[in-house]
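In: Just the structure for this:
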Amino acid sequence: QVQVAESGGGLVQAGGSLRLSCAASGGTFGRYVMGWFRQAPGKQRELVAAISAGGLRIYSSDSVKGRFTITRSNAKNTVYLQMNSLKAEDTAVYYCAASGSGLQRTEQFYDYWGQGTQVTVSS
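Out: Residues are numbered from 1 along each chain as shown. Prediction:
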C-alpha cells in the first residue's frame, strides 16, 4: 500500500507560479509511475502530467505543455509539479496518484490517490 499526500496549492494571480508536492509513504516509491490529475468544477478529472518510475519518460497534456513541469525525487519519495504562467482555466483540485501499471493516461490504471489540493487562479 502506498499513501500519497499533496501540498502546495493555493490562490495565485494569473501569470503566477505554484509548485505542488506529493509525498509518498508505505511502499517502494521508485517502482511507481506518478501522475498529477486535476478536476475543475463540473468537469471530468483529467491527467495533467505523468512521470515514469525512473523519471526518464514524461507525459504532459497539451493544455499545460510548456508551462507545467513534472519531476520526481526517488530519494525523497516525492513528486513535484511546477506550474508557471498559470491561467484562470488551471483552477481545479489537483490530485497526485501512483500507478503500478506503467505510464498510463487514464485514471483507472492509478491505484493510489491523495486527497487533492485546491489551486485557484484569479484573472
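
In: May I ask which helix or strand encompasses the residue sitting nearest the centre point of the chain?
Out: For the chain, the residue nearest the mean C-alpha position is Trp36 (2.1 Å; Cα atoms, centre = their mean). Using DSSP states H and E, Trp36 sits within strand 33-39.

In: So which bits of that strand are buried?
Out: Within strand 33-39, the residues that qualify as buried are Val33, Met34, Gly35, Trp36, Phe37, Arg38, counting by 16 or more other Cβ atoms under 10 Å. Using the backbone N, CA and C atoms, a C-beta is placed for each residue, glycine as well.

In: try stretch 70-82
Out: If you call a residue buried by 16+ other Cβ under 10 Å, then stretch 70-82 has these buried ones: Ile70, Arg72, Asn74, Asn77, Thr78, Val79, Tyr80, Leu81.

In: what's the burial count for the nearest residue to Ala97 once chain neighbours are set aside?
Out: Counting by Cβ to Cβ, 6 or more residues apart in numbering, the nearest residue to Ala97 once its immediate chain neighbours are dropped is Tyr110, at 3.8 Å. By other Cβ atoms under 10 Å, 22 other residues sit near Tyr110.

In: what do you get for Gly116?
Out: Residues near Gly116, counting by other Cβ under 10 Å: 18.
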